[in-house]
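J.: Task: produce atomic coordinates for the following.
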Amino acid sequence: MSETTVADEQDGGFISPVPMEEDPTELFAGDSGTLDADVRTVLVRLLQRRFLLADRNRAQWRTLLENQQVIESRLHDLFVHLVVDHDRGVAYKRQVRSAELDVPVLLRDEAYSRAETLVLVHLRTLFQREQGAGEASVRVDVEELERTALTYFDPDDTNLAANQREIRAAVTRLAKEGLIDEESEGRYRVTPLVEVVLSNERLGELREWLAEQSGSFAEQSGSLTAQTQETAR
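T.: Down below sits the predicted model:
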C-alpha cells in the first residue's frame with residue numbers, strides 16, 4: 001500500500017481542503033479569472049477611462065506593455081480595439097464596427113460641447129504651431145483660452161458670466177481627460193493627446209459646424225480650421 005493511500009485512510013479517506021486565501025489564483029470567492037490582479041486593474045482602467053497615459057500612470061503603463069497581448073485579447077472578446085501609441089505615451093480603446101458582422105456596441109460616442117470644441121481647436125492649433133517652431137513644450141493660460149473662446153460666442157449675448165462658466169467647465173473636462181495638465185493655478189501644459197483627439201474625421205465635422213456660424217465667426221475661424229486640417233494626423 002502506498003504512503004499516500006495510508007495517509008488518505010488515516011484521514012478518513014478525505015484530503016484536507018486548501019483555504020481560499022491560500023489559493024494564489026483566486027482573488028475572491030468563486031473567482032474563475034486567470035489574470036493577475038494588476039493586469040485586471042489595467043483592463044478595468046481602460047474600460048473606465050477614455051485614455052491611459054504613461055506619464056500619469058507609470059506602473060499601469062508598464063503592466064500594459066508587459067501584458068498587451070492578453071489585454072488586447074480580452075478587449076477583442078468585447079468587440080473593442082486597443083490602440084497603444086508609444087510615441088505619445090497613450091493607450092485608448094475603439095469600438096469595433098463591421099458591415100459584415102452584427103456587433104453589439106459597448107462604447108458610447110460622447111460629443112464635445114460647443115465650448116469644449118472651441119477650446120480644443122485652439123489647443124490643437126497652438127500645440128502644432130509651437131511644436132513647429134521647435135518648442136519642446138506648449139503652455140497656455142486659462143485667461144487666453146477663455147478670451148479666445150468668447151470671441152466665437154454670439155456678440156449680442158449679454159450673459160457673459162454664463163459663457164465664462166461654460167468655458168471654464170470645458171477647460172476642466174479637457175484637463176481631466178489629460179489634454180492639458182495644470183502646472184500652476186490657471187496655467188496649463190498642452191499634451192500631445194490633443195493630436196489624438198482631434199482626428200481628421202473630427203476636423204471635418206468641425207468644418208461643417210464652423211460653416212454654420214455667423215459671418216464674422218466663420219471669417220475668424222476659417223484659417224484656424226484650415227491650419228488644423230493641414231497639420232492633423
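J.: rest of the way, CA atoms for contacts and neighbours
T.: Will do.
J.: Now residue 145: which helix or strand?
T.: Using DSSP states H and E, residue 145 sits within helix 142-150.
J.: residues of that helix that come out buried?
T.: For helix 142-150, the neighbour count (16 or more other Cα atoms under 10 Å) marks 142, 145-146, 149-150 as buried.
J.: just how off-centre is it within its chain?
T.: Taking Cα atoms, centre = their mean, to the nearest Å, one finds the center of helix 142-150 at 24 Å from the center of the full chain.
J.: Give me the residues contacting the very next helix or strand once past it.
T.: Next along the chain after helix 142-150, taking DSSP H and E as the criterion, comes helix 160-176. With contact meaning Cα atoms under 8 Å, 6 or more residues apart in numbering, helix 160-176 is reached by 113, 115-116, 119-120, 142, 146, 149-150, 180-182.
J.: Check these against residue 128 and report the nearest one.
T.: Distance to residue 128, by Cα to Cα, is smallest for residue 120 among the contacts of helix 160-176, at 12.2 Å.
J.: Give me the three-state assignment for the closest one.
T.: helix (DSSP: H, G, I helix; E, B strand; the rest coil).
J.: on that earlier part again, can you list contacts of the helix holding residue 145?
T.: Under Cα under 8 Å, 6+ apart, the answer for helix 142-150 is 115, 118-119, 122, 163-164, 167-168, 171, 186-188.
J.: Who wins on neighbours among these?
T.: The most crowded member of these, judged by other Cα atoms under 10 Å, is residue 167 (25 neighbours).
J.: helix, strand or coil for residue 56?
T.: Put simply, residue 56 is coil when judged by three-state DSSP.
J.: still on that earlier bit, dump the contacts of helix 142-150 into JSON lines; add pLDDT as well.
T.: Converted to JSON lines, the contacts of helix 142-150 look like this (pLDDT from 0 to 100):
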{"residue": "115", "pLDDT": "91"}
{"residue": "118", "pLDDT": "88"}
{"residue": "119", "pLDDT": "92"}
{"residue": "122", "pLDDT": "87"}
{"residue": "163", "pLDDT": "91"}
{"residue": "164", "pLDDT": "92"}
{"residue": "167", "pLDDT": "95"}
{"residue": "168", "pLDDT": "95"}
{"residue": "171", "pLDDT": "96"}
{"residue": "186", "pLDDT": "92"}
{"residue": "187", "pLDDT": "95"}
{"residue": "188", "pLDDT": "97"}
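J.: and of the residues you listed, the nearest to residue 74?
T.: Using Cα to Cα, the shortest approach to residue 74 within those belongs to residue 171, at 33.5 Å.
J.: Roughly how far does the closest one sit from residue 202?
T.: Going from residue 171 to residue 202 by Cα to Cα, to the nearest Å gives 19 Å.
J.: Could you pull up the mean pLDDT of stretch 66-77?
T.: Stretch 66-77 carries an average pLDDT of 97.
J.: Could you pull out the buried residues of it?
T.: 68, 71-72, 75.
J.: Is it possible to get a markdown table of those that adds distance to residue 46 and secondary structure?
T.: Formatted as a markdown table, the buried residues of stretch 66-77 follow (distance: Cα to Cα, whole Å; DSSP: H, G, I helix; E, B strand; the rest coil):
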| residue | distance to residue 46 | secondary structure |
| --- | --- | --- |
| 68 | 12 | helix |
| 71 | 10 | helix |
| 72 | 11 | helix |
| 75 | 9 | helix |
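J.: Great, nothing more from me.
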